[in-house]
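> The sequence isn't on hand, but the structure is:
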């Protein structure tokens, strides 16, 4: 169990460019979540997967954002035509099970800066 | 929509002393869970303690305990015998029950805890 891994740790991009982040969950965890955290705020839910199925998407997830989890393993979050307002930390979490006993394991996040 | 409010942006405590962090929430649901997460400078969110809404008994985990007041919709975290390693951002979070509910967590804005030696 090596924990939830996120890459890259930092990403600096110019406005209008596309960026992609990767999350590798703990192996055999069937649920994977993406959250966004801006400075001075708590994390905000973006989307989650159970296996390869994307079960819920937040209204925060505009059409410039897309997430995938092929084969129910790693996940990618892509932002197209980045805007300065997209600057934030993007957190990934994974879990096994549901209900009260579900415990989320978070990665260390990808810090995105859009210039 | 559910909301979580942490009214203390920053708190400080002397090492070995006790500190209480406040959290209130708003919901019309009867089945839900409440959590406290810790986020150290490493950025990785770590679960500190959790509480089921239907349980009246307050949860405890070693030096960490909660005061859950369901009628007041209050969920405070008490840290006893504070240690330097407790310094971090602390987030209160809410989650609906899973009977047809969303799996997502709703977080407060956080409280930055400083532990003074």
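Received, thanks. For clarity, every value in this text was computed on a predicted model and none was experimentally measured.

> who's in contact with the most centrally placed residue in chain B?
The centroid of chain B falls nearest to residue B:36 when counting by CA atoms, centre = their mean (3.0 Å). Shown in contact with residue B:36 (CB atoms under 8 Å, 6 or more residues apart in numbering or on different chains): B:21, B:23, B:47-50, B:64, B:66, B:75, B:77, B:90-93. Glycine gets a C-beta too; all of them are placed from N, C-alpha and C.

> Next up, the contacts around residue B:72.
Counted by CB under 8 Å, 6+ apart, residue B:72 has contacts residue B:24.

> any idea which element it lies in?
If you go by DSSP states H and E, residue B:72 is not part of any helix or strand.

> For chain B, see how far away the closest residue in space to residue A:30 that isn't next to it in sequence is.
Nearest residue to residue A:30, sequence neighbours excluded (CB to CB, 6 or more residues apart in numbering or on different chains): residue A:51, at 5.4 Å. Separation of residue A:51 from chain B (CB to the nearest CB, to the nearest Å) stands at 13 Å.

> wait, doesn't residue A:51 sit right on residue A:72?
Yes. Under the criterion of CB atoms under 8 Å, residue A:51 makes contact with residue A:72 at 3.8 Å.

> Of those two, which one has the most company?
Neighbours were counted for residue A:51 and for residue A:72 using other CB atoms under 10 Å in any protein chain shown; residue A:72 has more, 16 against 12.

> one step back: can you select the buried ones among the contacts of residue B:36 for me in PyMOL?
A single PyMOL command selects the buried members of the contacts of residue B:36 (16 or more other CB atoms under 10 Å in any protein chain shown):
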select buried, chain B and resi 21+23+48+49+50+64+66+75+77+90+91+92+93
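
> With pLDDT and distance to chain A as added columns, please give the contacts of residue B:36 in a markdown table.
Putting the contacts of residue B:36 into a markdown table (pLDDT from 0 to 100; distance: CB to the nearest CB, whole Å) gives the following:
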| residue | pLDDT | distance to chain A |
| --- | --- | --- |
| B:21 | 98 | 13 |
| B:23 | 98 | 11 |
| B:47 | 93 | 6 |
| B:48 | 96 | 12 |
| B:49 | 95 | 12 |
| B:50 | 93 | 7 |
| B:64 | 98 | 16 |
| B:66 | 97 | 15 |
| B:75 | 97 | 14 |
| B:77 | 98 | 14 |
| B:90 | 98 | 10 |
| B:91 | 98 | 5 |
| B:92 | 98 | 8 |
| B:93 | 96 | 7 |
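
> Give the residues shared as contacts by residue A:51 and residue A:72.
residue A:30.

> ok and the residue in chain A nearest chain B?
In chain A, the residue that lies nearest chain B is residue A:42 (3.0 Å; CB to the nearest CB).

> Could you list the low-pLDDT ranges of the chain?
No chain in the question, so chain A it is. Within chain A, the set of residues satisfying pLDDT under 70 comprises A:1, A:97-100.

> My question was about chain B, not that one.
For chain B, the ranges with pLDDT under 70 are B:98-102.
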